[in-house]
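1. The following comprises the amino acid sequence and a computationally predicted model.
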Amino acid sequence: MDQLALLFVLLLGAVLSVPVGDRFGLPAPVLMTLLGMVLAVADFVPDVNVPPDLILPLLLPPLLYAAVRRTSWRQFAANRRPIFLLAVALVFVTTVCVAVVANAVVPGLPVAAAVALGALVAPPDPVAATAVAGQLGLPRRLVSILEGEGLFNDVTAIVLYHVAVAAAVSGEFHAGRAALDLVLSAVVAVAVGVGLGWGANRLLDLLGDATLQVSLTLLVPYASYVLAEEMHGSGVLAVLTTALFLAEYATDPDDVMTRLAGHTFWDIVDTLVTGVAFGLIGLELHNAIRTASGRWGELLAWSAAILGVVVLVRLVYLLPATWLTRRLHAKRDHDEDIPTSWQETVVMWWSGMRGVASVALALAIPLKTDDGSAFPDRDEIIFIAFGVIMGTLVLQGLTLPWLVKKLDVQADTEREKKFERELAVRAAKAAKHRLREIEEVEELPEELSEQMLRRAFEIGVRISPDLGEEERREAHEMRVRRLKRMRRIQAELLSAARHEVLAARNEPGADPEVVDRVLRHLDVRSLR
């Protein structure tokens, strides 16, 4: 098997892991990690030769962009306090605790190298957390916190990592310069993100075509990441800023085709890239086995110690942090998402799985320092990082569904239905208001006006069927049944038309482009 065949196997596994995970109630990223581990011990599977400095630029931008599309700026703004406590403060605390323990248990490990280890295992993976949480039916507030933490903690961890690695390579550390680098990195990233977001928004308006617009959205996160890194800013923060800007300002309510095509395209990208990313994590078992040759006992002991620190620090930190957040929330009545019980706090704790960023940062550790000597304990750091990633991903990922069920942490479906009903009412009112505006300008026949009024009412009822009085509901249900029958017949008519047009593709003298153009017209008609 060569590298290309291995990539195809990972892509196929990414597709199949979703239905298999749904069937057995297991997270797809965890299944892909297990697949990678199985492939790693197979003799016919080659070592993965992806340059470490390309892993983050290739995998993170689309994953981050896809994750941000599921949220909004208002959500981040409302949850800024819990996000800060988790994505910034907790990353600092975890880095320090891991560095202290690693420096104590690993003989001869320098402080700077220990801090680098702490920084690369500190951030929970945003993709793993949201992918796992999204399948378990957790309350939306927990998913929002996990998404916010996962998206922003990489920024803090990567900056800490670069500072620690620079200190280990050069043998010098300047606290003031490190703090200044952190601030400048954030400022540059935000500036790049806003600038590219504004430019991409203008380009989207100029392109017009749905295919070209969706293609541009694939290029934008990569451009944002690379440009920010070239300007010594945070590529992760730049991608987040660009994605949030576009989510806020590049949405045209009437651009139905682009929105539908974009959702489908990014669902595909998210599924495939996530699968490949976690498959690569499992494949790193190759390097771990090679490193541990003859030293399994001490390396596993060190990994278990750091894994214990990572897991326990998150629990010890979350208990008082969530208690304090609840107290402030009650006093100030902030519109933020917080855990409302100790059960939800425990689920948040157990959701802190490490993933893609940790692997990429571990593999990106330099081979040598400035004086030409080998980077201190590089192989040991990579093995320990791999042990922490595997421990959190496999152990926590496989047991999280059981824990959620055991603690009975479920989404507030009544609240969701209530909000859905409110949106249905608002949508119907907006339609009726627009109808009145049209009637003031145009003279509509009474029959048409009444028909349009019923259509406006039906907009809300189709979203939330329990709207309206019982008689109107029954009348609506009769109309829906009649409409469904009409649509079924119309679908059969359009199907016959499509078959005939496709048959013409193989006739002598038929122009395939004309056939495809006519077929696209029929497809759009069917979609509507």
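-> Structure received.

2. shaky segments in the stretch 151-300 of the chain?
-> Scanning the stretch 151-300 of the chain for pLDDT under 70 picks out the ranges 250-256.

3. rerun at 90
-> 151-186, 201-202, 204-214, 232-237, 240, 243-264, 266-267, 270-271, 273-299 (pLDDT under 90).

4. Just the CA atoms of stretch 207-214, as PDB, please.
-> In PDB, the C-alpha atoms belonging to stretch 207-214 read as follows (Å, rounded to 0.1, in the frame of the first residue of the first chain):
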ATOM      1  CA  LEU A 207     -19.100  36.400  -8.200                       C
ATOM      2  CA  GLY A 208     -22.800  35.800  -8.000                       C
ATOM      3  CA  ASP A 209     -22.700  32.200  -9.100                       C
ATOM      4  CA  ALA A 210     -23.300  29.700  -6.300                       C
ATOM      5  CA  THR A 211     -20.600  27.300  -7.400                       C
ATOM      6  CA  LEU A 212     -17.900  30.100  -7.500                       C
ATOM      7  CA  GLN A 213     -19.100  31.500  -4.200                       C
ATOM      8  CA  VAL A 214     -18.800  28.200  -2.400                       C
END
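
5. Check which residues of it are buried.
-> 210, 213-214 (16 or more other Cβ atoms under 10 Å). Every C-beta, even on glycine, is put in place using the N, C-alpha and C of the backbone.

6. One more: stretch 44-61?
-> 45, 48, 55-56, 58-61.

7. Next: stretch 409-418.
-> Val409.

8. can you tell me the average pLDDT over it?
-> The average pLDDT within stretch 409-418 is 72.

9. if we can go back for a sec, Glu450: which of the buried residues of stretch 207-214 is nearest?
-> Distance to Glu450, by Cβ to Cβ, is smallest for Ala210 among the buried residues of stretch 207-214, at 35.3 Å.

10. and that closest one, what does it touch?
-> 255, 257-258, 261-262 (Cβ atoms under 8 Å, 6 or more residues apart in numbering).

11. what do you get for Lys417?
-> Lys417 sits next to Ser464 when contact means Cβ under 8 Å, 6+ apart.

12. How far off centre is the helix or strand harbouring it?
-> Using DSSP states H and E, the element containing Lys417 is helix 413-441. Taking Cα atoms, centre = their mean, to the nearest Å, one finds helix 413-441 lying 31 Å from the centre of the chain it belongs to.

13. After it, which helix or strand is next?
-> helix 446-463.

14. which helices and strands sit right next to that next one?
-> Identification of packing neighbours for helix 446-463 by 3 or more Cβ pairs under 8 Å, 6 or more residues apart in numbering; DSSP states H and E yields helix 413-441, helix 470-504.

15. Spell out which residues make up each domain of this structure.
-> 3-411, 417-527 (automatic domain parsing).

16. Just name the most buried of the ones you listed.
-> Mean neighbour count (mean count of other Cβ atoms under 10 Å) peaks for domain 3-411 among the domains of the chain, with a mean of 19.

17. about what we covered before: and the buried residues of stretch 44-61, which is closest to Cys97?
-> Leu56 (24.4 Å).

18. and Pro107, helix, strand or coil?
-> coil (DSSP: H, G, I helix; E, B strand; the rest coil).

19. quick one: what helix or strand has the residue positioned nearest the centre of the chain in it?
-> Nearest to the mean C-alpha position of the chain, by Cα atoms, centre = their mean, lies Ala67 at 2.9 Å. In the assignment (DSSP H and E), Ala67 maps to helix 52-68.
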